[in-house]
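# Show me how the following folds:
(chains A and B)
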Amino acid sequence: MILETQNLTKQFDGKGGFKDVNISIDSGMVFGFLGPNGAGKSTFVKTMVGLLYPTSGFAWIDGFPIGTIESKRQIGFLPENFKYHDWMTGKELMKFHAELCKMKNPYKKIEELFELVKLKGHENKKVKNYSKGMQQRIGLAIALLNDPKVIFLDEPTSALDPVGRIDVREIIKRLKDDGKTVFLNSHLLSEVEMVCDEVAIINHGHVIAEGKLENLLSKNTYVEMVISDYDSQLIEKISKLAYNVVFKDGKLTFKVKDKDSIPNIAKTIVDSGAKLYQLDSKTSSLEDLFINIVGKDEDVC
Amino acid sequence: MLTITKYTIKEMVKKRAFLLIAILTVGYLFIYGYGLSLAFHNNNQVVNNTPNIAKILLESQLLSAGLYFSNFIVAFLIVLTSVGAVSGDVESGAIYALLYKPLKRHEYVLGKFIGLSIIITVYSTLLFLSVIGLNIAFGTKVYLGLGNVFRALFFFDLGPVVLLSLVVASSSIMSTVNTGVLAVMTYGIAMIGGILEQMGSFFTDATSQGLSNVGIITSLILPTDVIFRKMNAELLTQNTGLSFLAQGPFGGTSQPSPAMFVYIAFYICFLLYYGTRKFEKRDL
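Numbers count the residues shown, from 1 in each chain, chains lettered A, B, ... in the order given. Model (predicted):
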């Protein structure tokens, strides 16, 4: 595990923040951390990078307790609400951060990163003259300066136009290919769906769902079948294998907890002697899943 | 820490405020010099080749006044440029990208303090030497020995460092606005306390002791004024014991004890320790 937490909690006078978060992330994963505004996402990331002190619990990055110099050496971080020292030029800013990372000869790396975040040609412009999107790009470059093992990105595309968002997605994929672990904090669900291997959903400071993205999404697979020559025993059998089973006008609709149940259900139908004319399955999007899970959590709260 | 120090100095030099301060300082020195030229040449009474003692006292008063207002300008510069030394980065969010890096928080605060101290000390030294230089250039009759000047320079530079330690410690704990209020009010209290203590020398009864006590208490809150009095004493007291110390608000007739300087050393160390300790424990 490159990142692990055990009952990690950060609260402010007993309120807000997050509580008892237990997550484990393997090396080379892109991990999406989702939640509505105020759910505790940024507080969690700030705690992981050592800007906030946990109220209780433990966490490690690459085996080092969070907040220690050793764990800080392993990470890169693009904060959400940031402002860099805008009196410097882009190049000076990068050099400053490289010096803070104690990099000996950072010039080649700086050049590579300017190219990667598509700021080539703007190196000698003062940061105060950068657009918000350009500032986000240089923030990303700074997060990658020390070649970190784990990169925390807090809403990395919030100020970017659609082209910029695609660029960031490509960078994330490239980082994954290079074996880096990316912790992506975002409420842009379509973006998370495109790049993440695993996700956790947090609401009111509690993780309410966590796992591989495909597993979470397949739990919400909706199936529609057109069948004939069936009997009530078949409907009973299907009800045991699926849920929300509805039969109307020759159409049988239900949901399955994972996609592997679909062939079993189809076999049950065929074995019973009923005729199966059509089978459509549709996996819901991350947005559907998010609304479903967060919506239920809101009802409970 | 050295990186923070280096970039703190760069930031101060690159900021437009610094250029403005440099221009206005030249303006201040020009006006002061003009005042000296009028005062020194319009009352040129010499008795038997010996300078009139009253004239020397007037000139020492002008020298003290020049240094007093220079000291005030340096304090003003500290408040304007350093109140946001740490809190400014916290409030803008610039701190997030700095402190997730392998940099200890106390290194960040001390790096800022050292960087600002260097800039302020350079400015303060230039201002001090300019005032002394103008007085010499216009032919002051006040004896200004090299030893006196260097000892006085040490104390002239020490005062701003003391104020800066308060400002940086406060900026590590509180917001920029609160630090500004604290710095201005504390400096004002120290200044008025110092003036009242000097006024005490005009009285001989319990009033004198009372005013002196006010000065001691305000010196404990912020010892900048007492350091200025010491600077004045070092500058204007000759090896022979003869002193041209001026009386009145700019003078230094009431002197701090050696214990006060032990307290000042402790004051700087304690503030920096307390500020960094609080900043290390702080959620950002």
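# Please count neighbours and contacts with C-alpha atoms only from this point.
Fine.
# ok, residue A:14 to chain B distance?
According to C-alpha to the nearest C-alpha, to the nearest Å, residue A:14 stands 15 Å off from chain B.
# neighbours around that residue, how many?
Residue A:14 has 9 neighbours, counted by other C-alpha atoms under 10 Å in any protein chain shown.
# Phi and psi next, for it.
Note on residue A:14: its backbone torsions stand at phi 80, psi 0 [degrees, to the nearest 10].
# ok, now residue A:255?
According to degrees, to the nearest 10, residue A:255 has phi -120, psi 150.
# residue ranges of the strands in the stretch 151-284 of chain B, please?
Remark: strands of the stretch 151-284 of chain B are absent; assignment by DSSP state E, counting those that start in this stretch.
# In it, which residue sits closest to chain A?
Going by C-alpha to the nearest C-alpha, chain A is nearest to residue B:283 of the stretch 151-284 of chain B, at 4.6 Å.
# tally of neighbours for that residue?
Neighbours of residue B:283 (other C-alpha under 10 Å): 14.
# Check the secondary structure at the nearest residue in space to it that is not next to it in sequence for me.
Nearest residue to residue B:283, sequence neighbours excluded (C-alpha to C-alpha, 6 or more residues apart in numbering or on different chains): residue A:52, at 4.6 Å. Here residue A:52 is coil, with the state taken from DSSP: H, G, I helix; E, B strand; the rest coil.
# what about the nearest residue to residue B:194 once chain neighbours are set aside, distance to residue B:209?
Spatial nearest neighbour of residue B:194, excluding adjacent residues (C-alpha to C-alpha, 6+ apart): residue B:215 at 5.2 Å. Distance of residue B:215 to residue B:209, computed by C-alpha to C-alpha, to the nearest Å: 10 Å.
# What backbone torsions are found at the most centrally placed residue in chain A?
Nearest to the geometric centre of chain A sits residue A:32, at 0.9 Å (C-alpha atoms, centre = their mean). Main-chain dihedrals, residue A:32, degrees, to the nearest 10: phi -100, psi 130.
# ok, residue 184 - contacts?
Going with chain A. A:30-33, A:152-156, A:192 (C-alpha atoms under 8 Å, 6 or more residues apart in numbering or on different chains).
# My question was about chain B, not that one.
residue B:79.
# The same query, at a cut-off of 10 Å, please.
B:75-76, B:79, B:167, B:190 (C-alpha atoms under 10 Å, 6 or more residues apart in numbering or on different chains).
# Highest neighbour count among those residues?
residue B:167 (29 neighbours).
# shouldn't that residue be in contact with residue B:175?
No - counting by C-alpha atoms under 10 Å, residue B:167 sits too far from residue B:175 to count as a contact (11.0 Å).
# which neighbours do these two share?
In contact with both residue B:167 and residue B:175: B:83-84, B:86, using C-alpha under 10 Å, 6+ apart.
# what residues do residue B:215 and residue B:209 have in common as contacts?
By C-alpha under 10 Å, 6+ apart, the residues touching both residue B:215 and residue B:209 are B:197, B:200.
# More neighbours: these two, which one.
residue B:215 (28 against 15).
# can you count the residues close to the residue of the stretch 151-300 of chain A found nearest chain B?
Closest contact between the stretch 151-300 of chain A and chain B, by C-alpha to the nearest C-alpha, is at residue A:152 (10.6 Å). Neighbourhood size, residue A:152 [other C-alpha under 10 Å]: 25.
# Next to chain A, which bits of chain B? Give me the list.
Applying C-alpha under 10 Å from any C-alpha of the partner chain, one finds that chain B approaches chain A through B:1-4, B:6-7, B:10-11, B:14-15, B:89-104, B:280-284.
# Turn the buried ones among the residues you listed into a named PyMOL selection, would you?
Of the residues of chain B next to chain A, the buried ones go into a single PyMOL selection, burial set by 16 or more other C-alpha atoms under 10 Å in any protein chain shown:
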select buried, chain B and resi 1+2+3+4+6+7+11+89+90+93+94+95+96+97+98+99+100+101+102+103+104+280+284
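# which ones among the residues of chain B next to chain A are found in helices?
B:2-4, B:6-7, B:10-11, B:14, B:89-92, B:94-99, B:280-281 (DSSP state H).
# related to what we said a few turns ago, so the residue of the stretch 151-284 of chain B closest to chain A versus residue A:10, what's the distance?
10 Å.
# list residues touching both of these two?
With C-alpha under 10 Å, 6+ apart as the test, residue B:283 and residue A:10 both reach A:47, A:52-54.
# Buried members of these into ChimeraX, please.
Buried members of those, defined by 16+ other C-alpha under 10 Å, are picked up in ChimeraX with:
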select /A:47,52,53,54
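# Need the shared contacts of residue B:283 and residue A:10 in CSV (columns: distance to residue B:223 and pLDDT).
Converted to CSV, these look like this (distance: C-alpha to C-alpha, whole Å; pLDDT from 0 to 100):
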residue, distance to residue B:223, pLDDT
A:47, 40, 95
A:52, 35, 95
A:53, 36, 95
A:54, 39, 95
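# tell me which of the shared contacts of residue B:283 and residue A:10 is nearest to residue A:178?
Among the shared contacts of residue B:283 and residue A:10, residue A:47 lies closest to residue A:178 (C-alpha to C-alpha), at 25.7 Å.
# And the closest one, how far from residue A:24?
When distance is defined by C-alpha to C-alpha, residue A:47 is 15 Å away from residue A:24.
# Just checking stretch A:117-127 against chain B, any contact.
No - Stretch A:117-127 stays clear of chain B (C-alpha under 10 Å from any C-alpha), getting no nearer than 11.9 Å.
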